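In: Fold the following, please.
(chains A and B)
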Amino acid sequence: MNANMLLLPVIIPLLAGILILLVRRLRGIISLLATGSILIIAIALFKQQLTYSLPWLGFGIDFNLRLYPFSAFILLSITALSFLVMLYSCSFMQGKNYLNQFYAYFLITIGLASGAVLADNLVLMLFFWEGLLITLFGFIAIGGKDAFKTATKMFIIVGVSDLCMMIGIGIVWYLTGTMTISTLNVPLNTLGCTAFVLMMIGAIAKGGSMPFHTWIPDAAIDAPLPFMAILPGCLEKLLGIYLLVRITMDMFKLTPGSLLSSLLMIIGAVTIVLAVMMALIQKDYKKLLSYHAISQVGYMILGIGTCLPAGIIGGLFHMINNALYKNCLFLTAGSVEKQTGTTNLNKLGGLWSKMPVTAVCFLITAASISGVPPFNGFFSKEMIYGAALERGTIFYIAALLGSFLTAASFLKLGHAVYFGKRNQENENTRESSLPMLIPMIVIAAVCVFFGLYNRFAVSYFLEPVLAGQEFTEHTSTLLIALTVIVLIVAILHHIIGAIVNGSGVKAADHIHHAPVLSGIYDRAEKRFFDPYEIGLKIVSIASNILFFLDRAVDWIYDGFTVKLAYGLSGAIKRLNTGNYSLYIIWSLLGGLIILILMFKGFGS
Amino acid sequence: MLSLFLLLPFLGIIALNLPVKGRRDAAAFLYTLSLSIGQAIVVLFNPGDFWAKPDFWGGFFNLGLYADNLTFVMLLSIGIVVSTAVCVGWQTISDHRQRLNFYNLVLIALIGMNGTVMLTDIFSLYVFLEVTAISSFILIAFHRDLNALEGAFKYIVLSALATVLMLTSIAALLLFSGGTSFAAVSAAVKSNSGNVIVIIAVSLFICGLFIKGGLVPFHGWLPAAYSAAPAAVSILLAGIVTKVAGIYVLIRLVRDVFGPISEISSVLMLVGTFSIIVGALAALKQDNFKKILAYSSISQVGYIVLGLGCGSPLGIAGAIFHLFNHSIFKSLLFVNSAAVEKQTGSTDITKMGGLGSRMPYSNATNLIAIFSTSGIPPMAGFWSKLVIIMALWQMGHFTYAAIAILVSVITLAYLLAIQRKVFFGILPQELKHIKEAGIWIVIPAVTLAIIIIGTGLCFPLLFKSFLMPVSSFFK
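Out: Got it, this is the predicted structure:
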């Protein structure tokens, strides 16, 4: 296989994106052709090992691309999901604004993402990575009036974390003197650990982990839905987790039980629980999903953070599973939004009979995400549970609690949207068009397939990633039994909640209004804990202080100095009375002083 | 053949005053103009060693003239500024008889200045200084109104003081040297260093020159004289007369006659800095266009003296370069003030505004002159100030260098105030009819602006081939 082929997944979408911006028509066909062709290329490249090298910036910064099992797998996932979402968008985006920009950003995003995955040089990767930031901004900004604010928020949060990554890369260069990822082996001394944490921030922020997540729920409301499906729902997870695995496994070689590993697991566990708590109380389809997009990252980080082969495989399996079902869930949300015009749970209900295909797809993927056997989410979660339990019971409990709340929130979501009482306005709702249904059906089918043939999926796609490391599953009957019990409890909880609180959408309200939690929830809903908002407050205080200092300094220049200068000027003006005898006296005095000075000099 | 610089104006004066009928003022204008432009051109395209040749009339008219690079720079500046003043004079003086008088006086001043820069004898130097000074007195009082007479009177009084100081000094030096030629005086000063009378003599001479050059605290006459003089005379005075009479002689004497004595250097730097600061501060609060320029002159002369006091070849080169630049940009500023004064009848900048739209040439050239004065690249003034500041830095005079830089900001402040109040802003109703002042003001203004930009752009070329040789010591 020609190594130049590696360039195609990067170049084709980029060129297609630019072409759309230039030509301004045929965007659907160009997009489908571009994504379809790179999907075929990715399939052809799968199971290949290729490297491509081109001199670029010098100083060891070359245009190196490397295809090996891991990147090939991620590339395949990216292209496949992109193709499906593109197909979906062709129907969904009809009649929306800024279509040319939307398709161009979409294609460029795919190209950049492929580049970031294939890059074998840290600077090259950073180049693509930062490029994604720009398309991300554009994607959100075309969403509408308020979207610009969200886009700015995203830009600052992701920009700061990317900056951290940049510094981390700088440290890595300083430590090792090379930028080629495949040859890197960074020592884990103090500086190395700093570099790891900085790069990890970049990776998990891309993945949308806490505390870098706060723009995602805002974007869920503002940005076009396919954007949510493809970027926070799937591409960003793939990229973020890909990088996280690269740095924990290849570049830094973290060992189980190390402090950094525990740090990752803590971040993962906290993300799982807090995000899903927020998801539970959401009253909007898309926003609820967006919190799950955050929560699920927690599982992956938790799994990878264990640094056990089983945990990493579990994390990766969960990554691909999540990319599938989260993508599909967002697509069902889009389907509902397209047909009913709303995603507010209070206005939805009883769509089961009206939109059966969407409903079935939702059910399958919701079961997947909740970890119901035999769907794919169940198996990946079991692997993570096993690894987490080995590292500490508390992590396992957190993961299990997350599972419970996930199931509860999806029961609530499904109940509110597809069952229960139908809203008057939705009487005439019909099923979505075929281009929107096909992607959902395909993804849901893959979810089922990955569930039923999980051994195949793991051994075919994921085990090559470990590159020969021993991999033993830690799952046991006890764990499976516990999972099933938790699911049953969740269902019972939902039923009781629905009966007590009156409707499906209010089934979890007792948690929302629990004594301590309600206060926390209220503040969280007001973005009280949003690091961005806190940062804005700090910045505004700091800027006030600095403004005061600035005024003070300005006064020295602009007030004091000017007053002084004008004062002196006025004094000189008053001294120049026009009286010539005075001028003679000055001159004579001046002469006298000069004489004295001259003599003083000569005398010494 | 250097005596041509003196003879041609002299013959011109005689010829122009022959009782012939016709437009003698036009003839005088053409003659003075062609003479001064010719002077600038022949100096610029210095034709080989023509100047070194003995006069073809032998020693009949031998004054011991000598020209080195410094002299040529001065002759060039004199040529440019005098031609500018001649043009502006034609435009601003309307009476035929007055014009003739004006050109006669300008020719006398030209003789005085040319003589001053070419002579190598300290007493003849004094004589030619007085020739220049006397024609300047009359020129200031040209219109014979109260202000002009007052300005001229102050100049006469303080010039007299300078004369007394210089003559006393020459007399004292004569005691030791036995002659008044530069070489004799120089030898006497060197061999009698530390002698009380020599020190007094040197100090008095320098004080006299400070008065002539208008340095603080010897500057009392200068603002009054500059602002009271007719427009064309202001150009002549500010652009070249005081520079030749005060600063050129100072450079010549310090560089070639008294030698680089450290006490003189410190006094020069002190007085120079003092002038820079006081001149700039005083300019800040003035409302009179010409007074601002007059104080600005004091400040800029301070830079020249500061560079000279630095004593290093680089500093002297910077001083000479700034002297040249100053004569160009200050002339240009005064040309514009003449244009504004002629068209509005006033020099009070608070009563003006928005003239830029009506007088585009004055506006643009004035801005160029302002940038050059305050040292904005790539104008010529930037380079000369830079060289001076670099020289100061090189010699370790960091405080002086810092002051020089800081005052540049004040320079920009008061000059931009002119620009803003006169050329920018809203045009008052009564000035709606204003037009450009006339061809004989626009042509010199544009020419001077081109010289400023050209010099600035060619600086890298000038630096090695022209500037550094200029500063080389008298041999």
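
In: so which residue of the stretch 101-250 of chain B comes closest to chain A?
Out: Closest approach of the stretch 101-250 of chain B to chain A (CB to the nearest CB) occurs at residue B:220, with a separation of 2.5 Å. Every residue, glycine included, has its C-beta placed from N, CA and C.

In: Any idea how many residues pack against that residue?
Out: 28 (other CB atoms under 10 Å in any protein chain shown).

In: How about it, nearest residue that isn't a chain neighbour?
Out: Spatial nearest neighbour of residue B:220, excluding adjacent residues (CB to CB, 6 or more residues apart in numbering or on different chains): residue A:583 at 2.5 Å.

In: so which strand or helix has that neighbour?
Out: helix A:580-603 (DSSP states H and E).

In: what's that helix packed up against?
Out: If contacts are counted by 3 or more CB pairs under 8 Å, 6 or more residues apart in numbering or on different chains; DSSP states H and E, helix A:580-603 sits against helix B:146-177, helix B:196-213, helix B:262-284.

In: what angle sits between that helix and helix B:196-213?
Out: Counting by axes from the mean of the first three to the mean of the last three CA atoms, to 10 degrees, helix A:580-603 lies at 140 degrees to helix B:196-213.

In: ok so, going back, JSON lines for the helices and strands packed on helix A:580-603, including distance to residue B:72, mean neighbour count and mean pLDDT?
Out: Listed next are the helices and strands packed on helix A:580-603 as JSON lines, based on distance: least, CB to CB, whole Å; neighbours: other CB atoms under 10 Å in any protein chain shown; pLDDT from 0 to 100:
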{"stretch": "helix B:146-177", "distance to residue B:72": "25", "mean neighbour count": "19", "mean pLDDT": "91"}
{"stretch": "helix B:196-213", "distance to residue B:72": "21", "mean neighbour count": "25", "mean pLDDT": "91"}
{"stretch": "helix B:262-284", "distance to residue B:72": "24", "mean neighbour count": "23", "mean pLDDT": "90"}
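
In: Same list (those) but as JSON lines, adding distance to chain A.
Out: Supplementary listing: the helices and strands packed on helix A:580-603 in JSON lines, determined by distance: least, CB to the nearest CB, whole Å:
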{"stretch": "helix B:146-177", "distance to chain A": "5"}
{"stretch": "helix B:196-213", "distance to chain A": "4"}
{"stretch": "helix B:262-284", "distance to chain A": "3"}
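
In: So for residue A:93, which of those helices sits nearest?
Out: Nearest to residue A:93 among these is helix B:262-284 (64.8 Å), distances taken as CB to CB.

In: from the chain's centre, how far out does that closest one sit?
Out: Taking CA atoms, centre = their mean, to the nearest Å, one finds helix B:262-284 lying 17 Å from the centre of the chain it belongs to.

In: Compute the inter-axis angle for that helix and helix B:196-213.
Out: 20 degrees.

In: The helix or strand following helix B:262-284 vs chain A: in contact?
Out: Beyond helix B:262-284 in the direction of the C-terminus, DSSP H and E gives the next helix or strand as helix B:289-310. No - using CB under 8 Å from any CB of the partner chain, we find that helix B:289-310 stays clear of chain A, coming within 8.6 Å at best.

In: Helix or strand next in line after helix B:289-310, which one?
Out: Heading C-terminal from helix B:289-310 (DSSP H and E), you reach helix B:313-344.

In: which bits of chain A sit near chain B?
Out: Residues of chain A lying near chain B (CB under 8 Å from any CB): A:565-566, A:568-570, A:572-573, A:576, A:578, A:580, A:582-584, A:586-591, A:594-595, A:597-599, A:601-602.

In: isn't residue A:209 right up against residue A:267?
Out: Yes - taking contacts as CB atoms under 8 Å, residue A:209 lies within contact range of residue A:267: 6.1 Å.

In: which one of these two has more residues nearby?
Out: residue A:209 (30 against 21).

In: got the phi/psi numbers for the more buried one?
Out: When read as degrees, to the nearest 10, the backbone of residue A:209 gives phi -80, psi 160.

In: Looking at the helices and strands packed on helix A:580-603, which is nearest to residue A:85?
Out: Closest approach to residue A:85 among these (CB to CB): helix B:262-284, 68.2 Å.

In: Report the backbone C-alpha coordinates of the closest one in PDB.
Out: Once non-C-alpha atoms are left out, helix B:262-284 reads as follows in PDB (Å, rounded to 0.1, in the frame of the first residue of the first chain):
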ATOM      1  CA  SER B 262      36.700  68.300  29.500                       C
ATOM      2  CA  GLU B 263      35.500  71.400  31.400                       C
ATOM      3  CA  ILE B 264      34.200  73.000  28.200                       C
ATOM      4  CA  SER B 265      32.500  69.700  27.400                       C
ATOM      5  CA  SER B 266      30.700  69.600  30.800                       C
ATOM      6  CA  VAL B 267      29.600  73.200  30.500                       C
ATOM      7  CA  LEU B 268      28.300  72.600  27.000                       C
ATOM      8  CA  MET B 269      26.400  69.500  28.000                       C
ATOM      9  CA  LEU B 270      25.000  71.300  31.000                       C
ATOM     10  CA  VAL B 271      23.900  74.300  29.100                       C
ATOM     11  CA  GLY B 272      22.700  72.200  26.200                       C
ATOM     12  CA  THR B 273      20.500  70.000  28.400                       C
ATOM     13  CA  PHE B 274      19.200  73.100  30.300                       C
ATOM     14  CA  SER B 275      18.200  74.600  27.000                       C
ATOM     15  CA  ILE B 276      16.600  71.400  25.800                       C
ATOM     16  CA  ILE B 277      14.400  71.200  28.800                       C
ATOM     17  CA  VAL B 278      13.600  74.900  29.300                       C
ATOM     18  CA  GLY B 279      13.000  75.500  25.600                       C
ATOM     19  CA  ALA B 280      10.600  72.600  25.300                       C
ATOM     20  CA  LEU B 281       8.700  73.400  28.500                       C
ATOM     21  CA  ALA B 282       8.400  77.000  27.600                       C
ATOM     22  CA  ALA B 283       7.100  76.100  24.100                       C
ATOM     23  CA  LEU B 284       4.300  74.000  25.700                       C
END
